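K.L.:
what's the 3D shape of this:
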Amino acid sequence: MSLVFFLILLQEQKLVSPQDTIWIDSVDVVQYSAKKIIYDLEKSIIILQDSSFIKYQDINLLSDSAYYHIETNQLEAFGKCDLKQMNDSIRGDYLRYNIENRKALMINGKTQIDKGFLEGEELYWIDEHTVNAYRGKYTTCSDSPPHYCFYSPKMKVYLGDMVIAQPLILYIQGIPVIVAPFWFVPISSKRKSGLLPFRIGNSYNLGKYIRGLAYYLVLSDYADITLQVDAMEKRGIMPQIEGIWNFAPFTKGNIYASYINETDNKRKRFDIHARNNSEYFLFGSSFNCDIQYQSDNTYQQDYAETTSLWLKKEITSQATISRDIAGFKNSLMYERKETFVDSIITEKIPYYTVTSPSKMLFSMISYSFSGHINRDRSITPQGKNEVAGANLHTAPTMQHNIFNLFTISPNINLDLAVFDEDTAGNKMPTRFGYSLGATASTNFYRVFDINLLGIHGLLHKILPKISYSYTPDFDFGRFPRVSGIPRFSKTNNLRFGFGQVFEAKIGEKNEKKILSQIDLYSGYNLITDSLSPILFSMELPYNPFPKPIIAFTLQLRGSINPYNKEYTYTIENTSALKTDFFSINLNQSYTKDDVYQIWFSGKIKPTHNWSISYSARYDWESRKLVDYSLGLNRDLHCWEALFTFNQLGDSWRYDFKILIKEIPDVAIGKGLLGYFLE
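P.N.:
All right, here's what the predicted structure looks like:
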């Protein structure tokens, strides 16, 4: 590398007047300026005094004064120094920089790295990706002095990746809080392979532990995998693996698996969960699945670190492959449901369905065909039971308008089924069943010219409907119950209903809103010569109140026995209120005989930095909260303090931690405090 500069005089030193500035340009040059420039030819040094500026390619150096050593291609800067290279900048009191290898030393330097700030008594810029700091501090807090910092006598910073320190001391408000022999702090905002911060702590159930000791591996822009090991004093070692991929529309999903052979009670426990969605699978098909196998229903709850994962009564797995062939939709499904309480497993293996496209007959009858092939298996502590069957089903319907007053829709259901065997042991028995039905409906409406309370016109609709259904008395009791195959129970019923809808144009924009909807339904059983209970409902979905009430709905549902006049009803209300100070969502349900439940949730913000979130369900009969959760949040500028408490029945869980906003993996929680306080 050469420095091109023009010297008119050949004396050993030349002093340029303070008001002069010299710029020298060439293909490979160093540009410089200062209020005073001295050329020392004997020592091959250019001395820049008072507001010096040096530029070389993408490097800009500002300082009080500077030396440029021509033979060694080194820059020295004194006073307030600011070295800028591309998007990076280092400020300090003294700088030594080598132009050829681009290595730099800054005394009492400070630089910004991604979302954080790095300070050090000595900062060595090794290359464009690495900085060594001695007696350094790292923080994401922009205040001076910062609310917290990580101090280490020796740090290595991998730009866009992580800070590795040995040892590490966490200072909060200038007070040392935690000391570790070594640590690493992630500073990357991009997906990048590497070690993840782990957590150490102590708990009553697990003992002293190290959790989240993991390596994150980026396989590509669309897939990654995490390998993790948790070590727990009382339970043992738990390896875990999690993979995520997104090659949509071909495949998108995730898989998670964990296993532990518990040392305290010798139980082998595991959890496997996989999801996938593929719009384009093999041979033009689509595939989706949600598979879960778990050793027991308390596995997740026992090893949850924060909020409780409440007891699951059952887990369900399913996988489906679908493809359209000549307009026919084909689906092959596997389904498994395990109920932990009574140790029952039910499976459909396989469950095949085919559905034809809808067709029109005589331009007035719509019909399609569907079929099922299924094998149901049930596994109980008493034994295993399997049934299998197949059917072909069609349900033609016709819709006809009479004089533009009534719409009549007759329909018929036809089903032919075959089973592996019936209850008498007969092989491949078949049966044919059918049912008939018809529905007649109409609507009447009237528009009222009303301009009151923001209402500009009211539409009243009346919707009467009557239907009839008939199924003969088939003796199908000897045939097993198979999913997807109808049973055809004897029916001979009339159903009739009467609905009303009130709709209005509201506000300056004349927005259409439903004010009320009222429905009455009943029926007559021709077999038993009796009326069915009268079902009634009324909904008020429109919120008539101004802000801060942002939601208000009311619903009434119930039934009346037409013979003894006994009735039941349920009133449900949903309302929500929101202000700058607090918000609340309230759901109430009252059923006859004083069955009253209240669900509520919301947030309170008493100050700018404090917020309280809550949710609960209150049982009026027992006069107590059945389940509830409470969360406290404190904004600490660059930190955030969180406290959560959850209870459901006798199960409860709490968590407390303080985390760095920009580095949420770095947190001080109840487990870590317990480790040091015990």
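
K.L.:
quick check, D302 in a helix?
P.N.:
Yes: the assignment for D302 (DSSP: H, G, I helix; E, B strand; the rest coil) places it in a helix.

K.L.:
Now it: closest residue in space, sequence neighbours ignored.
P.N.:
Distance criterion CB to CB, 6 or more residues apart in numbering; nearest residue to D302, sequence neighbours excluded, is N205 at 7.0 Å. In short, each C-beta sits where N, CA and C put it, glycine included.

K.L.:
Per-residue pLDDT of the one you found, please?
P.N.:
For N205, the pLDDT comes out at 78.

K.L.:
Let me know the next secondary structure element after the helix or strand bottoming out on mean pLDDT in the chain.
P.N.:
Of the helices and strands making up the chain, the lowest-confidence element is strand 13-15, at a mean of 41, by mean pLDDT, DSSP states H and E. The C-terminal neighbour of strand 13-15 among helices and strands, as given by DSSP states H and E, is strand 31-33.

K.L.:
Quick check: I550 vs S583, distance?
P.N.:
9 Å (CB to CB, to the nearest Å).

K.L.:
can you list residues touching both of the two?
P.N.:
Taking CB atoms under 8 Å, 6 or more residues apart in numbering as the criterion, I550 and S583 both touch A576, L577.

K.L.:
How about the contacts made by P153?
P.N.:
Neighbours of P153 in contact, by CB under 8 Å, 6+ apart: Y134, R135, P167.

K.L.:
tell me which element it is part of?
P.N.:
With DSSP H and E as criterion, P153 is part of strand 148-158.

K.L.:
If you count contacts, what does the next helix-or-strand element following that strand end up packed against?
P.N.:
Once strand 148-158 ends, the next helix or strand along the chain (criterion: DSSP H and E) is strand 162-165. Here strand 162-165 is seen to pack against strand 148-158, strand 183-186 when contacts are counted using 3 or more CB pairs under 8 Å, 6 or more residues apart in numbering; DSSP states H and E.

K.L.:
so what strands line up beside strand 162-165?
P.N.:
Take DSSP bridges as the rule and strand 162-165 pairs in its sheet with strand 148-158 (antiparallel), strand 183-186 (antiparallel).

K.L.:
now these as a markdown table including distance to L95 and mean pLDDT?
P.N.:
Converted to a markdown table, those look like this (distance: least, CB to CB, whole Å; pLDDT from 0 to 100):
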| stretch | distance to L95 | mean pLDDT |
| --- | --- | --- |
| strand 148-158 | 18 | 86 |
| strand 183-186 | 26 | 70 |
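
K.L.:
For L452, which of these is the nearest?
P.N.:
L452 lies closest to strand 148-158 among the strands paired with strand 162-165, at 60.9 Å (CB to CB).

K.L.:
how many neighbours does the residue nearest to P533 when sequence neighbours are not counted have?
P.N.:
Excluding the flanking residues, the one nearest P533 by CB to CB, 6+ apart is S559, at 4.4 Å. Residues near S559, counting by other CB atoms under 10 Å, number 18.

K.L.:
How far does the one helix or strand S559 maps to sit from its chain's centre?
P.N.:
S559 belongs to strand 549-560 when assigned by DSSP H and E. Between the centre of strand 549-560 and the centre of its chain there are 31 Å (CA atoms, centre = their mean, to the nearest Å).

K.L.:
What residues sit buried inside it?
P.N.:
F552, L554, Q555, R557, G558, S559, I560 (16 or more other CB atoms under 10 Å).

K.L.:
likewise stretch 637-645?
P.N.:
Those would be C638, W639, E640, A641, L642, F643, T644, F645, for stretch 637-645 by 16+ other CB under 10 Å.

K.L.:
Just the CA atoms of the helix or strand hosting the third one, as PDB, please.
P.N.:
Under the assignment given by DSSP H and E, the secondary-structure element containing E640 is strand 639-648. C-alpha atoms of strand 639-648 as PDB (Å, rounded to 0.1, in the frame of the first residue of the first chain):
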ATOM      1  CA  TRP A 639     -35.300  -4.800  32.400                       C
ATOM      2  CA  GLU A 640     -38.700  -6.200  33.000                       C
ATOM      3  CA  ALA A 641     -39.900  -7.900  36.200                       C
ATOM      4  CA  LEU A 642     -42.600 -10.500  35.900                       C
ATOM      5  CA  PHE A 643     -44.600 -12.400  38.600                       C
ATOM      6  CA  THR A 644     -47.300 -14.900  37.800                       C
ATOM      7  CA  PHE A 645     -49.500 -17.100  39.900                       C
ATOM      8  CA  ASN A 646     -52.000 -19.700  38.700                       C
ATOM      9  CA  GLN A 647     -54.400 -22.000  40.500                       C
ATOM     10  CA  LEU A 648     -56.900 -24.600  39.300                       C
END
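
K.L.:
and the angle from it to strand 148-158?
P.N.:
Relative orientation of strand 639-648 versus strand 148-158 (axes from the mean of the first three to the mean of the last three CA atoms, to 10 degrees): 100 degrees.

K.L.:
How about residues contacting strand 639-648?
P.N.:
147-148, 306-308, 310, 625-634, 652-661.

K.L.:
What average pLDDT does it get?
P.N.:
Rounded mean pLDDT across strand 639-648 is 80.

K.L.:
what are the pairing partners of that strand, and which direction each?
P.N.:
If you go by DSSP bridges, strand 639-648 pairs up with strand 624-636 (antiparallel), strand 651-660 (antiparallel).

K.L.:
Leaving aside the residues adjacent along the chain, what's closest to E279?
P.N.:
P249 (3.8 Å).

K.L.:
Helix, strand, or coil at that neighbour?
P.N.:
Per three-state DSSP, P249 ends up coil.

K.L.:
residues contacting it?
P.N.:
So P249 contacts S278, E279, Y280 (CB under 8 Å, 6+ apart).

K.L.:
Using the three-state scheme, assign the closest residue to D324 other than its chain neighbours.
P.N.:
If the residues on either side of it in the chain are set aside, D324 comes closest to N330, at 7.3 Å by CB to CB, 6+ apart. Taken by three-state DSSP, the conformation at N330 corresponds to strand.
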